[in-house]
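# Requesting a structural model of the entry that follows:
(one chain, ligands or ions: 2)
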Amino acid sequence: MKGKFITFEGSEGSGKSTQIELTCKHLKANKKQILFVREPGGVKISEKIRDILLDVKNTNMSDECETLLYMAARAQLVKEVILPALRQGKIVLCDRFLDSTIAYQGYGNGVDVDKIKKIGDFATNSIKPDLTIIFDIDTAKGLSRTSRIKDRIEQRTIAYHKRVRKGYLELAKKESKRIRLITVNKSIEDIQAIVKQHVDKLLKI
Ligand SMILES: Nc1ncnc2c1ncn2[C@@H]1O[C@H](COP(=O)(O)OP(=O)(O)O)[C@@H](O)[C@H]1O
Ligand SMILES: [Mg+2]
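Numbering: from 1, shown residues only. Ligands and ions are numbered 1, 2, ... in the order given. The predicted model follows:
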């Protein structure tokens, strides 16, 4: 693949969207061709699946259904836009990817992580991020930074969100080649400086 694939991960309110926006600006300033997408969603079909996933009215959704819907949304996003962009040599920046399903549905809900990885391999056409940045923040602090109207996942218990955080920390340990962990105890600018270092190293900027 000619392009590069960078994913931004972390719990609620950890600063993913803030940092991805700044990174896009940085890359555009360096005349890079980029594609920025978010999960779940990013394309029409996947955004429809997103609505189902985040709808607070869907109180009885099974863990299996939830896992597969995230994967379905991802599969469509990969085929429709991520793969073509990578083939064209673009830098793809994605707000969440497969690691989110491992952290939220695996560590959070207790779905078997090996099964998630197998289904994930199918859903993603076996593409893997070249670089993943995980933002780690104290769970309560992160949640306090999200909007007051919570979606179906955000409104889960603090214990759930703590398991998600633990999942991310374990992923970072297990896949230290691909994943860079950033502790969010600094200003947006200071965090962006660290993000830039990792991104610039990958892209040889
Ligand atoms: N390093 C930081 N210090 C203080 N506030 C931050 C920092 N990073 C992000 N924020 C703020 O926290 C809130 C959540 O950030 P956001 O990027 O939306 O997180 P996420 O996308 O991970 O849920 C936003 O209001 C953002 O401005
Ligand atoms: Mg966000």
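
# Mind pulling up the pLDDT for the residue positioned nearest the centre of the chain?
Against the mean C-alpha coordinate of the chain, by CA atoms, centre = their mean, the closest residue is R96 at 1.2 Å. For R96, the model assigns a pLDDT of 98.

# these two touch, right, it and E39?
Yes - look at R96 against E39 with CB atoms under 8 Å: they come within range, at 4.1 Å. In this view, the C-beta of every residue, glycine as well, is placed from N, C-alpha and C.

# separation between D136 and G10?
Using CB to CB, to the nearest Å, we find D136 at a distance of 6 Å from G10.

# In terms of neighbours, single out the busier of these two.
Shown here are D136 and G10; by other CB atoms under 10 Å, G10 has more neighbours (25 against 19).

# which ones are touching the more buried one?
16, 134-137, 142, 168, 184 (CB atoms under 8 Å, 6 or more residues apart in numbering).

# residues shared between the contacts of D136 and G10?
Here D136 and G10 share the contacting residues 168, 184, scored by CB under 8 Å, 6+ apart.

# For Q155, which non-adjacent residue is spatially closest?
Closest residue to Q155 apart from its sequence neighbours, by CB to CB, 6 or more residues apart in numbering: V56 at 6.6 Å.

# cool, and K2?
In space, and not counting its chain neighbours, K2 is closest to G89: 3.8 Å by CB to CB, 6+ apart.

# Counting neighbours, what do you get for the one you found?
The burial count for G89: 12, using other CB under 10 Å.

# For the residue in the chain that ligand 2 sits nearest to, list the residues it contacts.
Distances between the chain and ligand 2 by CB to the ion are smallest at S17, namely 3.3 Å. S17 sits next to 38, 95 when contact means CB under 8 Å, 6+ apart.

# which secondary structure element contains it?
Taking DSSP states H and E as the criterion, S17 maps to helix 16-29.

# With just CA atoms, put that helix into CSV.
This file holds the C-alpha atoms of helix 16-29, laid out as CSV (Å, rounded to 0.1, in the frame of the first residue of the first chain):
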residue,chain,number,x,y,z
LYS,A,16,-8.9,12.3,20.0
SER,A,17,-11.0,14.7,17.9
THR,A,18,-9.1,17.7,19.1
GLN,A,19,-5.7,16.2,18.2
ILE,A,20,-6.8,14.7,14.9
GLU,A,21,-8.1,18.1,13.7
LEU,A,22,-4.8,19.7,14.6
THR,A,23,-2.9,16.9,12.9
CYS,A,24,-4.9,17.3,9.7
LYS,A,25,-4.0,21.0,9.7
HIS,A,26,-0.3,20.2,10.2
LEU,A,27,-0.3,17.7,7.4
LYS,A,28,-2.2,20.0,5.0
ALA,A,29,0.4,22.7,5.8
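
# Any idea how far that helix is from the middle of the chain?
Relative to its chain's centre, helix 16-29 lies at 15 Å (CA atoms, centre = their mean, to the nearest Å).
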